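[1] This is a predicted model, with the sequence first.
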Amino acid sequence: MPQLPPCDYVPAKYEGPTKAEVARLRSQFLTPSLVTYYRDPVMIVAGHMQYLFDETGKRYLDALSGIVSISVGHCHPKVIEAVHAQNATLQHVTTIYLHPNIALFAEKLTRTLPEGLDVVYFTNSGSEANDLAILMARAYTKNFEVIALRNSYHGGSQGAMGLTAHSTWKYSVPHGFGVLHALAPDRFRGTWGYDDPEAGHKYAYDVRDLIERGSSGNIAAFIAEPIQGVGGVIEMPPNYLNDVYHSVRDAGGLCISDEVQTGFGRTGDAFWGFENHGVLPDIVTMAKGIGNGAPLAAVVTTAEIAQSLTEAIHFNTFGGNPVSCAQGLATLEVLLEDDIQGNAKRLGAMLIDGFTQLQKRYPCIGDIRGRGLMVGIELVEGTDKTPAAELAADVLETCKDLGLLIGKSGYFGNVLRVKPPMCLTEADIAFMLEAFETAFAKETA
């Protein structure tokens, strides 16, 4: 059986309510829309760097990062120290007063972005950030229509839901006014595949055609993730974003890069996902890894575009909260000082190479895609690419039993989602690959 690498950390003995009692309370007092992974849900009560612990003390390698939110590690000592110090001094003050944390964090954050992207508006979640980015684009351009991509996910608020293009994440309520959805550039399931060097140009033409024949011809914005996360780790093809950005700007629109999952070095090759495509967005949205698990997000744009929000009052009570900004600033310092991006690149290459070797032995692995430590494994049945959602669920369960927590995504739920904290080691990668080998051997026997 695969063995987790040694770990010196021992969590404090759990003395809270039992797992059964927590499940009962949750069922009685929390919204029924909440879902859990696994037939027997896991109760997590402690974390240390890349590891999580349940109420019995069992240790797991966290390969989902709290849905891609833990960037430098659970309870990283430098981050915890900064949060404790701020909590003991001042827990909350809004932006109607001055406070150093928000200013210092904004300055350091903008230094990671290309020149010109130097004005920050902090929010509490990626959904809020994407809502705000669309508001900025419409206020600045005076245009209304927005283009997003099919298969995308941009959040669960009513505005972000309109941008999202998965029926599983949308309710039958009014939303998405003025949002148009272009073809998803999926080279595994789409019309143009990996073997077509012109695939990026061909998918991009659909955006131009949509502007010319599906819109008024004048649009406010185009928004896309450099790698679709919830959509199943679908990376934009080469040349795609470059072509699309030209078409959008020709129509008077702004280009928005949703970096909620791809930002902060996770792709390994660059600190921001858009940099892998040689484009420069007008607005960048970010969340999740920005605060290593804190409810923190941001919109970064140019001074000229940001000025559009001064036409009225726009205010966020908790955006830029001192504790959240202390956690965000400490997280960013660890990311930069410890070369977390370099670790993601090096270990991501090892992970993808290992999955490629597994693919040779298990035909159910239809596609392996992603960059750095943002990887997806699409499972299929037969040669017609029938989604193997049940197999994905079984592999998920077996990995959990072995001590490995992963996720799943894609419209059919057949894409295994591997996005661990970026502090993990070569030994963790070896364990992960051995666990996958064991799971595939069992579930395909």
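    That came through, no problem. Residues are numbered from 1 along each chain as shown.
[2] Quick one: the helices in the stretch 301-445 of the chain, in order.
    Assigned by DSSP state H, counting those that start in this stretch, the stretch 301-445 of the chain shows helices spanning 303-306, 322-337, 340-361, 389-402, 426-443.
[3] again, but for the stretch 101-250 of the chain
    So, for the stretch 101-250 of the chain - with DSSP H, counting those that start in this stretch - the helices run 126-141, 158-163, 199-214, 240-250.
[4] Give the buried residues for the third one.
    Of the residues in helix 199-214, 199-208, 210-211 count as buried by neighbour count, 16 or more other CB atoms under 10 Å. No exception for glycine: its C-beta is placed from N, CA and C like everyone else's.
[5] Can you tell me the closest non-neighbouring residue to residue 285?
    residue 129 (4.1 Å; CB to CB, 6 or more residues apart in numbering).
[6] Could you pull up the residues touching the residue nearest to residue 128 when sequence neighbours are not counted?
    Closest residue in space to residue 128, ignoring its immediate chain neighbours: residue 297 at 6.1 Å, by CB to CB, 6+ apart. Applying CB atoms under 8 Å, 6 or more residues apart in numbering, we find residue 297 in contact with 122-126, 128-129, 260, 285-288, 290.
[7] Test of understanding: give the bridge partners of residue 297.
    Beta-bridge partners for residue 297, by DSSP bridges, are residue 123.
[8] Report pLDDT for it.
    Here, the pLDDT recorded for residue 297 equals 98.
[9] if I look at it, how far off is residue 251?
    Distance from residue 297 to residue 251, counting by CB to CB, to the nearest Å: 28 Å.
[10] Then residue 54?
    Residue 54 is 52 Å from residue 251, by CB to CB.
[11] Between those two, which has more neighbouring residues?
    Using other CB atoms under 10 Å as the criterion, residue 54 and residue 251 rank with residue 251 on top: 22 against 16.
[12] Spatially central, which residue of this structure would that be?
    residue 261 (2.1 Å; CA atoms, centre = their mean).
[13] If I look at that residue, what pLDDT would I see?
    98.
[14] Give me the three-state assignment for it.
    coil (DSSP: H, G, I helix; E, B strand; the rest coil).
[15] pretty sure it is in contact with residue 227, am I right?
    Yes: Residue 261 is within contact range of residue 227, at 7.1 Å (criterion: CB atoms under 8 Å).
[16] Need the residues touching each of the two.
    In contact with both residue 261 and residue 227: residue 374, using CB under 8 Å, 6+ apart.
[17] Just the C-alphas of stretch 156-169, formatted as CSV.
    Provided in CSV are the C-alpha atoms of stretch 156-169 (Å, rounded to 0.1, in the frame of the first residue of the first chain):
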residue,chain,number,x,y,z
GLY,A,156,-22.1,31.7,-7.7
SER,A,157,-23.5,35.2,-7.2
GLN,A,158,-26.3,36.2,-9.4
GLY,A,159,-24.0,38.4,-11.6
ALA,A,160,-21.2,35.8,-11.8
MET,A,161,-23.8,33.1,-12.5
GLY,A,162,-24.7,34.9,-15.7
LEU,A,163,-21.1,34.6,-16.8
THR,A,164,-20.9,30.9,-15.9
ALA,A,165,-21.8,28.4,-18.6
HIS,A,166,-22.6,25.2,-16.8
SER,A,167,-26.2,24.3,-16.3
THR,A,168,-25.3,22.5,-13.1
TRP,A,169,-24.3,25.8,-11.6
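[18] Need the residues that contact that stretch.
    Against stretch 156-169 from outside (CB under 8 Å, 6+ apart): 126-128, 130-131, 134, 146, 148-155, 170-171, 173, 175-177, 179, 181, 184, 223, 230-231, 411.
[19] Now which of the residues you listed would you call buried?
    126-128, 130-131, 134, 146, 148-155, 175-176, 179, 181, 184, 223, 230-231, 411.
[20] Mark which of those residues are part of strands, please.
    146, 148-149, 179, 181, 223 (DSSP state E).
[21] could those residues go into CSV alongside pLDDT and distance to residue 268?
    CSV is the format used below for these (pLDDT from 0 to 100; distance: CB to CB, whole Å):
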residue, pLDDT, distance to residue 268
146, 98, 30
148, 98, 26
149, 98, 23
179, 98, 32
181, 98, 29
223, 98, 23
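[22] if we can go back for a sec, and among the helices of the stretch 301-445 of the chain, the most buried is which?
    For the helices of the stretch 301-445 of the chain, average neighbour numbers computed from mean count of other CB atoms under 10 Å are highest in helix 322-337, which has a mean of 22.
[23] what about residue 255, helix or strand, and which?
    Using DSSP states H and E, residue 255 maps to strand 254-258.
[24] Let me see the residues that make contact with that strand.
    Residues contacting strand 254-258 (CB under 8 Å, 6+ apart): 126, 130, 133-134, 136-137, 140-141, 154, 220-226, 244-245, 248-249, 272-274, 279, 281-285, 305.
[25] Over to stretch 325-339?
    71-72, 76, 78-79, 81-83, 85-86, 99, 101-102, 104-105, 108-109, 112, 122, 264-265, 289-294, 296, 340-341, 423.
[26] hang on, the earlier thing: how far off helix 126-141 does the strand holding residue 255 point, in degrees?
    Orientation of strand 254-258 against helix 126-141 (axes from the mean of the first three to the mean of the last three CA atoms, to 10 degrees) gives an angle of 170 degrees.
[27] ok now strand 254-258, how far from the chain's centre?
    15 Å (CA atoms, centre = their mean, to the nearest Å).
[28] Send me that strand as PDB with only the CA atoms.
    C-alpha atoms of strand 254-258 as PDB (Å, rounded to 0.1, in the frame of the first residue of the first chain):
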ATOM      1  CA  LEU A 254     -11.900  45.400 -22.300                       C
ATOM      2  CA  CYS A 255     -10.200  42.000 -21.800                       C
ATOM      3  CA  ILE A 256     -10.500  40.400 -18.300                       C
ATOM      4  CA  SER A 257      -8.400  37.500 -17.100                       C
ATOM      5  CA  ASP A 258     -10.000  35.500 -14.400                       C
END
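[29] Which neighbouring elements make contact with the helix or strand just after that strand?
    Next helix or strand after strand 254-258 toward the C-terminus (DSSP H and E): strand 283-286. Secondary-structure packing of strand 283-286 (3 or more CB pairs under 8 Å, 6 or more residues apart in numbering; DSSP states H and E): helix 126-141, strand 254-258, strand 297-301.
[30] Would you mind finding the most buried of these?
    With a mean of 29, the top stretch among the helices and strands packed on strand 283-286 by mean neighbour count (mean count of other CB under 10 Å) is strand 254-258.
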